[in-house]
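Student: my questions concern the predicted model and sequence given below.
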Amino acid sequence: MGSPDERAFVVFQRGYVRDNIILAVFRNKLRLMVNPGTGLLFTEDEVLRATAPGTRFYIEADSIDLFGQATQQRALFFAAQIDPRTANKQFLEDFHGSLWLGADSRLPSSSSSGSVLATGVDATIVPGSSTVPDPAAATATDPNGLRYQATETVVIANGQALLSMISLDTGFVTRLPVGTELRWSTNTNPGTDPTASVASAFDGGFDAETDEEYANRIVQRIRNRPASGNAVHFQAWAQESSSAVEQAFIYACALNAGTTVVSVTEKRAVQVTGLPPEGPSARIPSLATLNTVAAYLTPPASPVVPERVLVVVTGVVAQPATMVMRISMATGRSGGWADPEPWPPFSASIPDPGLTVVAGGGLTLSVITDQSLPGDAAVLSGTVAPQLMLFNPEISRWAKLTVTSVTDPTPGASTPRTFVVVLTSLPDLLDANFVTRLPLVGDKLSPYTDRADIIAESSEAYFDTLGPGEMVLSNDVRYSRTARRPIPAVQYPYRAGQGILRYLLSGLGGTAADAQLTSISRNEPDVPTNIVDGPNMITFGATNIFPL
Amino acid sequence: MPTPPNIEMTPELAYEALFQAVGDGLRGGPDSVVEAWRASRAEGLSVATVDGRAVLQAWPDRATDFLPVYEELLGVALDPSLSVEDRQAALAVLYTQAIDAVLGSIVLQLQMIDPLFVVVGMPYEQSVTTEIGVRAFSDWDPLDPAASGPAFDLPGRTVSLVPNYSTDFIVYAWLNTPGPLTSTDQRSLNLAADQLNSMLPAWVDFRVFKSAGFILDLDLLDVTMFGDGVLP
């Protein structure tokens, strides 16, 4: 084998071999040769004319160049297969997947779960089972014919009963919205009404692992070698148990020797046009996901963990961080702050104005600030009314308000006072079940920008890079062993802070000149009071944004 | 079936192939235009067909241009001043490494940190084991007269802190160096802790310590560490 230089994998631009190799070598040889027609050395003009485009030599050199490009494409294709993240589907599955994760290791689609309101005659039992599937449990079908099983036995009282259900069929299509009608199909008792309705949106249903997700799992395997049930092994087991699992966080010996606590986060589902975003709780695992992981990891039934081990599988507990951010964008235009003089501007004394009173069926809102309206006006209405938006913390987005007027009780004053905002129509706000809701006291008010969605998505992307915090304090005797894996300094940090600005400025591109995180309510999650509740994780909380 | 050797198309091989492809009467003289053109095409063909080198990138110990790809895949940043051969060797070790937590491997890994590390076994008669998993999830109130078991009544706890405790689940790694603790010893102890954290099963705890002596730790069940001053 030659030296590294002789083994370098070089690629050529189109025309390089033709011009810089074949024709260049040929021209140099001709310059030293005698022209048989003249008996003199070839002149530079003759050499150039003999190798000019369209000549026999040029065309033949060009064909070799093309041939080289074709073989080079083959080489480039092969080179792309070396990294799982750039390999094509067949190479990914048959080579990388088989080599690192085993044959047929791509994860199938997963179940979703949620709560359902059953109705009927009092004292009627709706049988359920945490064993899935269980032929004795009540099952129902949705309008698409997909099947769901009750996971708990409940008794109808006062004409209704709320119960948890899990989908027997799998995939994104099993994420049922609130109000979906389910028709009981098996194992219900007389006295149960034939239909039930979804009371909380179903969560956790994911389609089969995508190429990207599969490749990333392979890369994790290459980077961190699982063995003997170490922390990396538990991560791998948790991830291979369900395509819904984003990451597993391992707290070795959290309940001292002989135990392991595994905390799971769920993937954020791809946002589908027309459906609301999942919001800050997207990564909190659904009951279906937790059940699947727990069944896979908990001895004695676990197919992977030895019998003598006590494994506790938990989700994570969201601890929202409320923020105030200031962003330098152009004013009075799209692609920036909508108003020439955005109101309310940032106030150090009242940095996070929120609604204090909601009246008039949600159309009359009160907010306290010490910032006067533009021009110290008493009332701004119609086309000059301030353009405003409210933060919808349940889905981590802002909703634009259709403002009729804003009234200042003491125009020009510098003291905090209650402004009254009158709306023309109700804003598009959603609750945690993605059902329309009215504005609520405490909802955060900001001046409007049409870049609000980008700001929200960028912030959400930042918070999605965070992981849960520690289970025990650093002065606890268990800390050296129980400290979270993966290590926060390497992957999924748990501290939130200025890092969000990088995402924000990157998302806004040239729109924003600068940004400032003025305040954040918490930088790191608390250590849980009770370990089996799972660790805390900082999520995207209510946020005000102002011009900088 | 054996893999055929990867024969790279050198200019000489290309030239020979082109030369043999035409009849004797058409080959041209040594200094002819035909000869010059044949040699030029041979140079081009040899360069245009170096794609076989892509195959070499598929192995970290043979890769050249793809060494950064392997560094990124393995999550390591090697010293850029290292030679290509040294980087290949380091990446090949990482790419093919396999770890396990059997006793021999643990001892081997610890002794790579310091040859004086010893893994101390716990005699059966001195081991401690709790009843398995009886209190992990129970909403246990120690003041409840129906409650049983030891009173691990730490404030705010509703679960036992030691639901599955056993000294069988603890690795005792003893750095048996003479004299008082030195900075080198401390570094070895830290490295040993990192190593054990990475390789041990997640339900197995460890203690790393130096020299003899008895240990007063915070674990209520760890009474076996009291003794004659020498670890069992």
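Tutor: All right, it came through fine.

Student: pull the CA atoms of the one helix or strand in chain B whose mean pLDDT sits lowest into CSV?
Tutor: Ranked by mean pLDDT, DSSP states H and E, the weakest helix or strand in chain B is helix B:53-56, scoring a mean of 78. C-alpha atoms of helix B:53-56 as CSV (Å, rounded to 0.1, in the frame of the first residue of the first chain):
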residue,chain,number,x,y,z
ARG,B,53,-9.6,4.7,-3.8
ALA,B,54,-13.1,5.5,-2.5
VAL,B,55,-13.2,1.9,-1.2
LEU,B,56,-10.2,2.6,1.0
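
Student: check whether residue B:33 really touches residue A:33, as I assumed.
Tutor: Yes: using CB atoms under 8 Å, residue B:33 is in contact with residue A:33, at 6.9 Å. Heads up, the C-betas are built off the backbone N, CA and C, glycines and all.

Student: on that earlier part again, just the buried positions in the helix or strand following the least confident helix or strand of chain B, please.
Tutor: Per DSSP states H and E, helix B:53-56 leads on to helix B:67-74 as the next helix or strand towards the C-terminus. By 16 or more other CB atoms under 10 Å in any protein chain shown, the buried positions in helix B:67-74 come out as B:67, B:69-71, B:73-74.

Student: helix B:67-74 near chain A anywhere?
Tutor: Yes: with CB under 8 Å from any CB of the partner chain as the criterion, chain A is reached by helix B:67-74 at B:69, B:73-74.

Student: what sits up against that helix?
Tutor: A:82-83, A:219, A:222-223, B:57, B:60, B:63, B:77-78, B:84, B:87-88, B:91, B:94-95 (CB atoms under 8 Å, 6 or more residues apart in numbering or on different chains).

Student: and residue 55, how many residues sit next to it?
Tutor: Answering for chain A, as no chain was given. 14 (other CB atoms under 10 Å in any protein chain shown).

Student: meant chain B actually
Tutor: Residue B:55, neighbours per other CB under 10 Å, totals 15.

Student: so how do I select the buried members of the contacts of helix B:67-74 in ChimeraX?
Tutor: Buried residues among the contacts of helix B:67-74 (16+ other CB under 10 Å), as a ChimeraX selection:
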select /A:82,83,219,222,223 /B:57,60,63,78,87,88,91,94
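
Student: among the contacts of helix B:67-74, which ones are in strands?
Tutor: Among the contacts of helix B:67-74, no member falls in strands (DSSP state E).

Student: most widely separated two among the contacts of helix B:67-74?
Tutor: A:219 and B:84 (23.4 Å; CB to CB).

Student: quick one: residue A:404 is in a helix?
Tutor: No: read with DSSP: H, G, I helix; E, B strand; the rest coil, residue A:404 is strand and lies in no helix.

Student: can you give me the distance of residue A:134 to chain B?
Tutor: 22 Å (CB to the nearest CB, to the nearest Å).

Student: what is the neighbour count of that residue?
Tutor: 17.

Student: show me what contacts it?
Tutor: Neighbouring residues of residue A:134 by CB under 8 Å, 6+ apart: residue A:149.

Student: coming back round to it: dump the buried residues of helix B:67-74 to JSON lines, plus pLDDT.
Tutor: Compiled in JSON lines, the buried residues of helix B:67-74 are given as follows (pLDDT from 0 to 100):
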{"residue": "B:67", "pLDDT": "90"}
{"residue": "B:69", "pLDDT": "90"}
{"residue": "B:70", "pLDDT": "92"}
{"residue": "B:71", "pLDDT": "92"}
{"residue": "B:73", "pLDDT": "90"}
{"residue": "B:74", "pLDDT": "89"}
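
Student: ok, back up a step: and the least confident helix or strand of chain B, what does it pack against?
Tutor: helix A:56-82 (3 or more CB pairs under 8 Å, 6 or more residues apart in numbering or on different chains; DSSP states H and E).

Student: show me where pLDDT drops low in chain A?
Tutor: A:1-8 (pLDDT under 70).

Student: actually chain B, not the one I wrote
Tutor: For chain B, the ranges with pLDDT under 70 are B:1-7, B:25, B:52, B:131-160, B:211-232.
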